[in-house]
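Visitor: model this:
(chains A and B)
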Amino acid sequence: MAFDTYLLKRADFIFKDEEDWKNILTRTLKLPPNAIINELMSSELKGRGGAGFPTGLKWKLTAEAPGNEKYIICNADEGEPGTFKDREILTLVPHKVLTAMAVCAHVIGAQQGYIYLRGEYKYLVEQLNQAIDEFHTICQSLGCQFTIRIFLGSGAYICGEETALFESMEGKRGEPRNKPPYPTQVGYKNCPTVINNVETLAHAFTIFKYGAKKFYDLGVQYSRGSKLFSVSGDTPKPGIYELELGMSLEDFVNEFGDGDTKAVQVGGASGFLVPRKKFKATAIGYKGKLSGISLPTGGSMMLFNSSRSMYNVLDNYLEFFREESCGQCTPCRVGCQQLYQGIKAVKRGEKPAGYLDKLLKLTETMKLTAKCGLGQSVANSFSSIVENFREEMIY
Amino acid sequence: MNPINDLIKQLTEQHGRKRESLLPILQGVIEQEKYLSEYAMIEIARAMDLPTAEVYGTATFYSFMEHRKAGTYIIRVCKTITCSMKGKNQILQTIEDMLKISLGETTPDGRFSLLQTNCLGWCHKAPAMLINDEVFTDLTPEKVREILKTFLQTTQN
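Guide: From the prediction side, this is the model:
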């Protein structure tokens, strides 16, 4: 057992209507920054975009970084295939995100915040701007000069990578930067910047309202709190569900599968495909102290039943990566093309089945040498599909 | 003078001439013109005092910044995995048959362009498509025909 619990438990915080959010804002802004950071750290909230960096630590590092100009950016460039929770948060409970942004600004000493909204969600701009206007009025009445603006993307998956997002906001091609330095030191316009996923900020609100303990009591060790899951594919009930972290994939499939689930893609195209035989041994959460497979995720859960060809699934992912690779570094630019062409060649019989092993080696190289998470994570879905469904790749 | 120059002047006044304003300015031109002509990119570069290559390089990075002439209504059908599994091809076929164009083409009257795009974030209501900035989900061939009919009628009037 990798985790102390395996039960699938629903939670209901994110979309709960909190009419007293203005009071929460007023109350939290009166706290000293250190108290807020400590509260976040003790909640063990980790970034909900998928990478899982401790949120309290991120705020702390940015607060401590030297510099007069600092920024808080909400990453709403939700582009991972199979993820659609951030859109729902911004549609239903935008004030929670805005409140958490203002609190963050108070903690790190920022005057300006941005929401980087993907171009595909342009239809949200009008109502989101209304929410922001209303929020500004409240802020001013509290003597807080913090303002938030929307920055609209234009259809580039890579801009969800934090440093690519800064480049994009600076009016350039969305090409990721070298790390380190990290955004907490050198971010937007080279100033210390907190960049948080939409959902992370919404959880921060929950912590401000209910306290760290309430959040900490959800989930399991090393994977505290709840998480939104975007469920799609071959399921009778696709949608967005808030569940506690640490559940086993088997329980998840029992709840959401159609009775014929062959595999689940955890974490979108850049995540892992888990075949049926591994459902039981797989838990959804961050790496624990015990053995067993634990998969962190941005919340994308795509179910495939036995009517689906895993070759088609992989082909679709590779087409996606080959288009969305920014082209800056060679391992990713050339690697994605080679993988895409390579599985086609094997399928057509132009290359022997052993060529798949060469491609697997290529993904290892990409994992080691690609500049950012995009090129590094192609190996995840590629190897998990090819290794578990090799025969489907060939015949 | 070309009306685009007025638009660029207005956009640079609104957003400023700093490099950070480049994307909002490009987006502003696209909102009006549906695409970025070579002329527009050169004029933006001039207005912002940037090398033309920088403007071109930035604009062509983003998939929603068309630099080929596009229709008044740009249809973008999601082709990522869930939409693809849930019948994206039938949706494309229906649109192609109705508008008598192939993927990547624009109708001769310049009203519609048909494109594919990556994940639109509506996997739970797949298949999905965008027509300009408006999203349509849970598509079926019948539903697509109804939607296109309303667009065809409004543009005729």
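Visitor: Can you tell me what sits against the longest helix along chain B?
Guide: Longest helix in chain B, counting residues (DSSP state H): helix B:141-156. Helix B:141-156 has contacts (C-beta atoms under 8 Å, 6 or more residues apart in numbering or on different chains) with B:72-73, B:90-91, B:93-95, B:98-99, B:111-112, B:129, B:131, B:136. Glycine gets a C-beta too; all of them are placed from N, C-alpha and C.
Visitor: So which of those sit within strands?
Guide: Of these, the ones assigned to strands by DSSP state E are B:Tyr73, B:Phe112, B:Met129, B:Ile131, B:Phe136.
Visitor: Could you measure from the fourth one over to B:Leu152?
Guide: Yep, that's B:Ile131 we're talking about. 12 Å (C-beta to C-beta, to the nearest Å).
Visitor: Next up, the contacts around residue 104.
Guide: You didn't say which chain, so I picked chain A. A:Trp59, A:Ile72, A:Ala110, A:Gly113, A:Val194, A:Asn196, A:Leu201, A:Ala204.
Visitor: Let me rephrase: I mean chain B.
Guide: B:Leu114, B:Leu115.
Visitor: let's go with 7 Å and repeat that
Guide: B:Leu115 (C-beta atoms under 7 Å, 6 or more residues apart in numbering or on different chains).
Visitor: what secondary structure does the closest residue in space to A:Thr99 that isn't next to it in sequence sit in?
Guide: Nearest non-adjacent residue to A:Thr99, counting by C-beta to C-beta, 6 or more residues apart in numbering or on different chains: A:Leu25, 4.8 Å away. The local conformation at A:Leu25, judged by DSSP: H, G, I helix; E, B strand; the rest coil, is helix.
Visitor: for A:Leu25, what are its contacts?
Guide: Counting by C-beta under 7 Å, 6+ apart, A:Leu25 has contacts A:Thr99, A:Ala102, A:Ile138.
Visitor: what about 10 Å?
Guide: A:95, A:98-100, A:102-103, A:106, A:135, A:138-139, A:142, A:144, A:205, A:208 (C-beta atoms under 10 Å, 6 or more residues apart in numbering or on different chains).
Visitor: Now tabulate the residues you listed in JSON lines and tack on secondary structure.
Guide: Below are these laid out as JSON lines (three-state DSSP):
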{"residue": "A:His95", "secondary structure": "helix"}
{"residue": "A:Leu98", "secondary structure": "helix"}
{"residue": "A:Thr99", "secondary structure": "helix"}
{"residue": "A:Ala100", "secondary structure": "helix"}
{"residue": "A:Ala102", "secondary structure": "helix"}
{"residue": "A:Val103", "secondary structure": "helix"}
{"residue": "A:His106", "secondary structure": "helix"}
{"residue": "A:Phe135", "secondary structure": "helix"}
{"residue": "A:Ile138", "secondary structure": "helix"}
{"residue": "A:Cys139", "secondary structure": "helix"}
{"residue": "A:Leu142", "secondary structure": "coil"}
{"residue": "A:Cys144", "secondary structure": "coil"}
{"residue": "A:Phe205", "secondary structure": "helix"}
{"residue": "A:Phe208", "secondary structure": "helix"}
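Visitor: Might one say that A:Gln337 is in contact with A:Ser325?
Guide: Yes: A:Gln337 is within contact range of A:Ser325, at 8.4 Å (criterion: C-beta atoms under 10 Å).
Visitor: So for those two, which residue has more residues nearby?
Guide: A:Ser325 (23 against 14; other C-beta atoms under 10 Å in any protein chain shown).
Visitor: where are the low-confidence patches of chain A?
Guide: Residue ranges of chain A with pLDDT under 70: A:1-6, A:288-292.
Visitor: Mind splitting it into its structural domains?
Guide: Chain A breaks down into these domains under automatic domain parsing: A:11-217, A:220-305, A:310-394.
Visitor: sorry, back to before: any common contacting residues for B:Ile131 and B:Leu152?
Guide: Common neighbours of B:Ile131 and B:Leu152 (C-beta under 10 Å, 6+ apart) are B:Tyr73, B:Phe112.
Visitor: Touching, A:Ile223 and A:Phe215? I think so.
Guide: Actually, residue A:223 is Ser. It isn't Ile. No: between A:Ser223 and A:Phe215 there is no contact under C-beta under 10 Å: 11.9 Å.
Visitor: anything in contact with each of these two?
Guide: Common neighbours of A:Ser223 and A:Phe215 (C-beta under 10 Å, 6+ apart) are A:Glu44.
Visitor: Can you measure across stretch A:190-204, start residue to end residue?
Guide: End-to-end distance of stretch A:190-204 (C-alpha to C-alpha, to the nearest Å): 25 Å.
Visitor: how about that stretch: buried residues?
Guide: A:191-204 (16 or more other C-beta atoms under 10 Å in any protein chain shown).
Visitor: Same list, the contacts of A:Leu25, but as JSON lines with neighbour count please.
Guide: Below are the contacts of A:Leu25 laid out as JSON lines (neighbours: other C-beta atoms under 10 Å in any protein chain shown):
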{"residue": "A:His95", "neighbour count": "21"}
{"residue": "A:Leu98", "neighbour count": "28"}
{"residue": "A:Thr99", "neighbour count": "28"}
{"residue": "A:Ala100", "neighbour count": "28"}
{"residue": "A:Ala102", "neighbour count": "25"}
{"residue": "A:Val103", "neighbour count": "27"}
{"residue": "A:His106", "neighbour count": "21"}
{"residue": "A:Phe135", "neighbour count": "23"}
{"residue": "A:Ile138", "neighbour count": "17"}
{"residue": "A:Cys139", "neighbour count": "21"}
{"residue": "A:Leu142", "neighbour count": "15"}
{"residue": "A:Cys144", "neighbour count": "18"}
{"residue": "A:Phe205", "neighbour count": "25"}
{"residue": "A:Phe208", "neighbour count": "24"}
